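[1] Here you go, sequence then predicted model.
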Amino acid sequence: MRRLNQRKIGEGVEYSSMSARRKMLAEPDKKERASAKKIAEIQRPICQEERFHPNPNINSIAAPRKGKTKERTIQVRHIWLVKKKLVWPRGIEFIAAASLAIAVIFYPGSVSAQSLEPRAYSNIPVGMNFLMLGYAYQQGDVLLDPSLPLKDVNAKIHSSALAYVRSLDVWGKSGKVDMIVPYAWLSGSGKVGGEERERNISGFADPALRFSVNLYGAPALSFKDFKDYRQDTIFGVSLLVTMPFGQYDSTKLVNIGTNRWSFKPEMGISKALGRFTLEAAAGATFYTKNDDFFGGKTREQDPIYSLQGHLIYHFPRGIWAALNATYYTGGRTSIDGVKGDDLQRNWRLGTTLAFPVTLQHSLKLYASTGVNTRAGGDFDMIGIAWQYRWGGGL
């Protein structure tokens, strides 16, 4: 091979070979074009394949279609690697979108029958753990037990809750278990027998345990396998149990706890339609007797039947928003066998916005208001929840 003689001329290099000189002059242009192309790929918006991916929970880039050139295949693969390093890791979108659905923890006591819970029956990878801390503010005709015999109630409730959730493999079906510990501060006034009374109190509300399983359309999948999952129709069931361990004083009419058990079986369905998801759930809350109510009386309450619906839209990068509505009826009470005139037939509307902050941290904002109220529960509420997730291959 012929050795090339070089000598410095100013800032450049002169080659004795003309072919080597042409190669030297062409290299800077080639590098500049490659650099400009790479910058354009990084800065451009999400590509068309990504925007119209069939799974609303996944914001990944689809494989190239048949007939595309090898150059196009390499380009799409390169863009995916760039997004993974500089924007969002693949997987955060569907994990974040599927796992923010524990709104029930911010409805302590009997108010849980009025809950609005979008995405309660979504699928998530098995083996994942979730820790949630939230705060909610409620104002109006609101009590932790809205069926109490009080008139003209004007109360304010600041409530917080700590919850732990674990996703499960239930004989090949996806499920989860929720453990919830709420705490509340209540201050307000109302009339009892025509007499105005005030109450200021704080303490733990009744803790709750919930088990849910998706019976159809949501198989138990690992984190690795979940990226190929496409939601169509999901049908699931759940059971929420509240336990009488909250603050309770039988000499007072208004308390944080309720001194009774409650059981809420529910079934729900979820249908994905592109970036939209339609959901509906029907449940019934059953109550045991309170044998130590306000001076040793026995208080009973009929079941409360509830129906809720949600319209959810999935934005890119795991963000989703929902419009929520619920109707509940029943809950008529009796004290020592005397029936009260407190049958509930109420409507509530709400909205929810959830978005990931990092791979493991998420935030959720929500609000609701009473639309039509026959007895109790005519209040406004706003809240925020922080969620941390780990495990399951994340």
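    Received it, and whenever you're ready, just let me know what you need.
[2] what ranges of the stretch 251-394 of the chain fall below the confidence cut-off?
    374-377 (pLDDT under 70).
[3] Tell me where it has strands.
    For the stretch 251-394 of the chain, the strands defined by DSSP state E, counting those that start in this stretch cover 262-273, 276-287, 290-293, 297-301, 304-314, 320-330, 333-335, 338-339, 344-356, 361-372, 378-391.
[4] by contact count, what packs against the last one?
    Read that as strand 378-391. Other helices and strands packing on strand 378-391, by 3 or more CB pairs under 8 Å, 6 or more residues apart in numbering; DSSP states H and E, are helix 92-99, strand 128-141, strand 361-372. C-beta here means a position set from N, CA and C on the backbone, and glycine is covered the same way.
[5] Let me have the ones you listed in TSV, adding distance to G330 and mean neighbour count as columns.
    As requested, these are exported to TSV (distance: least, CB to CB, whole Å; neighbours: other CB atoms under 10 Å):
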stretch	distance to G330	mean neighbour count
helix 92-99	32	25
strand 128-141	18	18
strand 361-372	15	18
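[6] Dump those to TSV, plus distance to V181.
    TSV is the format used below for the helices and strands packed on strand 378-391 (distance: least, CB to CB, whole Å):
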stretch	distance to V181
helix 92-99	19
strand 128-141	11
strand 361-372	18
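[7] Looking at the ones you listed, which is nearest to Y313?
    Ranking the helices and strands packed on strand 378-391 by proximity to Y313 (CB to CB) places helix 92-99 first, at 10.8 Å.
[8] Rounded mean pLDDT for that closest one, please.
    Helix 92-99 comes out with an average pLDDT of 54.
[9] Stretch 212-232 too?
    For stretch 212-232, the mean per-residue pLDDT is 92.
[10] So which bits of that stretch are buried?
    Buried residues in stretch 212-232, defined by neighbour count with 16 or more other CB atoms under 10 Å: S212, V213, N214, G217, A218, A220, L221, F223, F226, K227, Y229, Q231.
[11] From those residues, pick the one nearest M243.
    Distance to M243, by CB to CB, is smallest for S212 among the buried residues of stretch 212-232, at 17.7 Å.
[12] Next SSE downstream of the helix or strand hosting S167?
    For S167, the element it lies in under DSSP states H and E is strand 151-170. Per DSSP H and E, the first helix or strand lying C-terminal to strand 151-170 is strand 173-192.
[13] Show the subsequent helix or strand relative to that next one.
    strand 195-204.
[14] now for that following strand, which elements pack on it?
    Secondary elements touching strand 195-204 (3+ CB pairs under 8 Å, 6+ apart): strand 173-192.
[15] relative orientation of the strand it packs on and strand 128-141 in degrees?
    If you take axes from the mean of the first three to the mean of the last three CA atoms, to 10 degrees, strand 173-192 sits at 20 degrees to strand 128-141.
[16] list the buried ones in strand 173-192?
    The neighbour-count criterion (16+ other CB under 10 Å) identifies 173-176, 178, 180-184, 186, 188, 190 as the buried residues of strand 173-192.
[17] Same list (these) but as JSON lines, adding pLDDT and distance to Q247.
    Listed next are the buried residues of strand 173-192 as JSON lines, based on pLDDT from 0 to 100; distance: CB to CB, whole Å:
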{"residue": "K173", "pLDDT": "96", "distance to Q247": "37"}
{"residue": "S174", "pLDDT": "95", "distance to Q247": "36"}
{"residue": "G175", "pLDDT": "95", "distance to Q247": "31"}
{"residue": "K176", "pLDDT": "94", "distance to Q247": "28"}
{"residue": "D178", "pLDDT": "93", "distance to Q247": "22"}
{"residue": "I180", "pLDDT": "93", "distance to Q247": "16"}
{"residue": "V181", "pLDDT": "94", "distance to Q247": "13"}
{"residue": "P182", "pLDDT": "93", "distance to Q247": "11"}
{"residue": "Y183", "pLDDT": "95", "distance to Q247": "9"}
{"residue": "A184", "pLDDT": "93", "distance to Q247": "9"}
{"residue": "L186", "pLDDT": "89", "distance to Q247": "10"}
{"residue": "G188", "pLDDT": "81", "distance to Q247": "16"}
{"residue": "G190", "pLDDT": "75", "distance to Q247": "19"}
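[18] Brilliant, that's me finished.
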